[in-house]
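1. Provide a 3D model corresponding to the input given below.
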Amino acid sequence: MARLGIAMDLGTSGIRAQAIDLSTGEVLSTAITLCHPLPGLNVMDQIRIVLARGLDFVNEIMIRAINRVIGELGIPVDQVSCFGVCGNPVQLSLFQGIDVWDLAYSGYRKLKSMGVTPAKREAVRIAASEIRGLTLPGACEVVIPPAVRHEVGADALALIIQTGMLEKNETAIAIDFGSNAEMAIFHEGVVVSGSAAAGPALEEREISCGMAAASGAICDLNVEGLYHRLILLDENLFPTQGPLIDFRVKGIVGGTDVPRPTGITGTGTIAIIQQAMAAGLINLPHIETMDRLLHLGDDVYMTQEDVSEAGKAIGAIRAGYMSLCQHGGILPEEIHTAYLSGASGTYIDAVKAQKVGLIPPCVGEVFHVGNTSLAMARELVIDPDKLDEMIELGDKIKDHHCMFASSATFKKIFLLELSYWTEGMPMPEYRRFLKRYGFVDLIPAKSTPEVFRTVTRDIDDPGRHGLRIISDVHRERQEKSERAESEQKCLESVSSEDGSE
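-> Purely as a prediction, here's the structure:
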């Protein structure tokens, strides 16, 4: 009989899971959702639902969604012996049924005044039977990693471990781009960590023509002569050349024989802003076209409000790493290497990202490393003793964690970012304020970084049975016959290779 495991990344914007053959470590299949089972754009929206409707209500929704994803993997669940999960403290709490009142507010005094005792979010290895409603064998081991602090959890530990940044003698930063942007700087043997509430713009939401990664979505663009060449995703989600556009004119100006754009991804948003700024068509906070729009096709465009919204997300991340530098006594120009994770971190053009401020200005090397949270969950399934490594790292970085929600440094720098992106504060004035506050300086970029793509997709290996996308996680499972057929095919393929009957 085949020995199977399931690795799962519980993210703020969705769930990603993989089925694994434990005898070989091979990935068999992958299933992902395009949204979180709870409505909202960030963890605070999700916490508000818990406070309004109750933990049991939300936990039931989470477990139902997780079961749906497990079902889509197409494996016989009665043969699953290990289930490893990874994610931020909110997601893992909702999965375990742990109260999140302490995550709704920051500050010890505030929690004490409300009579709230912070929950323990320690690493555990428990039986699936202890997770109410989970459709896995009761004896299946569930491996759950620890949280670090209030808003930094197992996904931040995964980011640090999976990049391998601790194994190199250099000053490096790792950033997991998303609505919750976890980040860590490694400098002279010390890890300084934080998590910035960047909002949903980097994940294509809150943008007028924003859309998830799908065929026809704009993921990048480049200068070509007098115009810009759009880069679109094809049906396999690989970048392909699209038509030529002129930001100032509705429609396309060249390339009628290629697909038309249907929307804009988060990485496309960053690329469009950077290219329009370089072309002199964005003079913050205004778009300098006749109709105040950046045109990207017949009915695809960006507005001034979109630019400001994306600017807030960029500003939160830049304020985050500047605050970590200040907190750790690190100059931004000392950061030599950047590791970018998550979907946006995998697909974004690193050079354009650096030019708008998402990456420290003097970084010389950038590595795209994929979904580190899912990769960590996969390691926990194959070798549950990896949990000890996460526990040890969590203990080490607790004393050097910076909570941005209560950081006066972050608040001041983020106000400068808001002034820059939404009020048009010139960068020299921005830097003067940094000096006035006694903060580290943000010097201009000196060169273009060298970029290394260690993965081609955020989930680089979807498995021999491929990827299943769940567009509406709220819907019930499709016909049972489909699942039975898929399970049988997967089981037969595993059995034929390991010799089981």
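
2. Tell me where the stretch 251-400 of the chain has strands.
-> Remark: strands assigned in the stretch 251-400 of the chain by DSSP state E, counting those that start in this stretch are 263-264, 282-283, 286-287, 293-295, 301-303, 337-341, 365-370.

3. Could I have the CA atoms of the longest one written out in CSV?
-> As requested, the backbone C-alpha atoms of strand 365-370 are provided in CSV (Å, rounded to 0.1, in the frame of the first residue of the first chain):
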residue,chain,number,x,y,z
GLU,A,365,22.0,39.9,-6.5
VAL,A,366,18.4,38.9,-6.5
PHE,A,367,17.1,35.3,-6.2
HIS,A,368,13.5,34.3,-7.1
VAL,A,369,12.8,31.3,-4.8
GLY,A,370,9.1,30.4,-5.2
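
4. If you count contacts, what does the top helix by length along the chain end up packed against?
-> Under DSSP state H, the helix in the chain containing the largest number of residues is helix 304-328. Applying 3 or more C-beta pairs under 8 Å, 6 or more residues apart in numbering; DSSP states H and E, one finds that helix 304-328 contacts strand 172-176, strand 180-187, strand 190-197, helix 266-278, strand 286-287, helix 408-423. Every C-beta, even on glycine, is put in place using the N, C-alpha and C of the backbone.

5. hang on, the earlier thing: so which of the strands of the stretch 251-400 of the chain gets nearest D78?
-> strand 365-370 (30.7 Å; C-beta to C-beta).

6. Now find how far off-centre the helix or strand hosting P428 is within its chain.
-> Assessed by DSSP states H and E, P428 sits inside helix 427-437. Relative to the chain's own centre, helix 427-437 is displaced by 30 Å; criterion: C-alpha atoms, centre = their mean, to the nearest Å.

7. Name the residues of it that are buried.
-> 431, 434 (16 or more other C-beta atoms under 10 Å).

8. Repeat that for stretch 187-200.
-> Those would be 187, 191-200, for stretch 187-200 by 16+ other C-beta under 10 Å.

9. What is the nearest of those residues to A405?
-> Closest to A405, out of all of these and judged by C-beta to C-beta, is A197, at 8.0 Å.

10. Hmm, D45 and that closest one touching each other?
-> No: in this structure, A197 is not within contact of D45 by C-beta atoms under 8 Å, at 11.0 Å.

11. Might you list the low-confidence residue ranges for this structure?
-> Low-confidence segments of the chain (pLDDT under 70): 1-2, 41, 106-112, 150-151, 474-501.

12. got the domain boundaries for it?
-> 4-151+459-498, 155-199+307-453, 210-299 (automatic domain parsing).

13. for the ones you listed, which one ends up most surrounded?
-> domain 155-199+307-453 (a mean of 20; mean count of other C-beta atoms under 10 Å).

14. Distance from it to the middle of the chain?
-> On C-alpha atoms, centre = their mean, the centre of domain 155-199+307-453 falls 13 Å from that of its chain.

15. Same check on stretch 134-145?
-> Worked out by C-alpha atoms, centre = their mean, stretch 134-145 lies 25 Å from the chain centre.

16. ok, residues contacting that stretch?
-> Here stretch 134-145 makes contact (C-beta atoms under 8 Å, 6 or more residues apart in numbering) with 6, 63, 66-67, 70-71, 77-78, 80-86, 92, 95-96, 123-131, 153-154, 157-158, 376, 380-381, 384, 387, 390-391.

17. could I have it exported to CSV, CA atoms only?
-> Presented in CSV, the C-alpha positions along stretch 134-145 are these (Å, rounded to 0.1, in the frame of the first residue of the first chain):
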residue,chain,number,x,y,z
LEU,A,134,-10.8,17.1,9.1
THR,A,135,-11.4,14.4,6.5
LEU,A,136,-8.1,12.5,7.1
PRO,A,137,-7.6,9.2,9.0
GLY,A,138,-7.7,9.8,12.7
ALA,A,139,-4.2,8.4,13.2
CYS,A,140,-2.7,10.6,10.5
GLU,A,141,-0.1,12.9,12.1
VAL,A,142,-0.6,16.6,11.7
VAL,A,143,2.6,18.7,11.9
ILE,A,144,2.0,22.3,12.8
PRO,A,145,5.0,24.7,13.1
